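[1] sharing a model that was predicted from the sequence below.
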Amino acid sequence: MEEKKKNEEKEREEVSEPSIIVKSVACIVFPLAFTYGVYIFVHGHLTPGGGFQGGTIIASSVILIYLGFGRLNIPESFMTALESIAALCFIGLGCIGILKGGNFLWNAVGLGEAGNLLSAGILGPIYVVIGIKVGTELTSIFNNMRRKSYEY
């Protein structure tokens with residue numbers, strides 16, 4: 001039984017290196033996908049999309065780097081801190097409405113000219129914060145699943 005367990009551990013350690021094609025595609029697609037994710041959550045009030053959709057695209061691009069190179073060199077403490085900061089920013093943005101005499105997430109900032117990037121008032125920053133929160137959370141979930149799979 002113990003020998004079987006050692007053989008399984010050896011097999012996990014002998015995971016084949018991704019091919020040059022996978023690495024090349026990851027290098028090419030990562031900046032495009034990451035930029036597209038940012039575009040989706042920054043323009044979420046003008047086009048279909050928003051914070052959640054942009055965050056999932058960003059997380060997918062980061063996971064693509066892991067699949068292409070077999071490692072993800074982002075410290076867990078950094079991901080946790082970034083996720084926490086995004087959550088605090090969301091709460092802070094929501095409290096601006098309360099401080100201005102409205103409700104939580106009330107649009108305390110005036111609206112701009114329709115169709116412009118800064119036309120959504122407080123909605124634009126909310127989408128950005130949600131995008132960062134979702135992107136870091138999904139990347140952390142993937143990283144934890146990957147790490148836990150090596151324990152079994």
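    Great, that's in hand.
[2] can you count the residues close to residue 120?
    Other residues near residue 120 come to 20 when the count uses other Cβ atoms under 10 Å. To be clear about C-beta, it is placed using only N, CA and C from the backbone, and glycine gets the same treatment.
[3] now do residue 77
    8.
[4] repeat for the one 5 residues further on
    For residue 82, the number of neighbouring residues by other Cβ under 10 Å comes to 18.
[5] convert the host helix or strand of it to CSV, retaining C-alpha atoms only.
    Using DSSP states H and E, residue 82 maps to helix 76-99. Below are the C-alpha coordinates for helix 76-99, written out as CSV (Å, rounded to 0.1, in the frame of the first residue of the first chain):
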residue,chain,number,x,y,z
GLU,A,76,-1.3,34.0,-1.9
SER,A,77,-0.9,36.9,0.6
PHE,A,78,-0.9,39.3,-2.4
MET,A,79,-4.1,37.8,-3.8
THR,A,80,-5.8,37.9,-0.3
ALA,A,81,-4.7,41.5,0.2
LEU,A,82,-5.9,42.6,-3.2
GLU,A,83,-9.2,40.8,-2.8
SER,A,84,-9.7,42.4,0.7
ILE,A,85,-8.8,45.9,-0.6
ALA,A,86,-11.4,45.5,-3.4
ALA,A,87,-14.1,44.5,-0.9
LEU,A,88,-13.3,47.4,1.3
CYS,A,89,-13.4,49.8,-1.7
PHE,A,90,-16.8,48.4,-2.6
ILE,A,91,-18.1,49.0,0.9
GLY,A,92,-16.5,52.5,0.8
LEU,A,93,-18.2,53.3,-2.5
GLY,A,94,-21.5,52.1,-1.1
CYS,A,95,-21.1,54.3,2.0
ILE,A,96,-20.6,57.4,-0.1
GLY,A,97,-24.3,57.3,-0.9
ILE,A,98,-25.1,57.1,2.8
LEU,A,99,-22.9,60.0,3.7
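[6] by contact count, what packs against that helix?
    helix 123-151 (3 or more Cβ pairs under 8 Å, 6 or more residues apart in numbering; DSSP states H and E).
[7] just checking, what packs against the helix it packs on?
    Using 3+ Cβ pairs under 8 Å, 6+ apart, helix 123-151 is in contact with helix 20-42, helix 51-69, helix 76-99.
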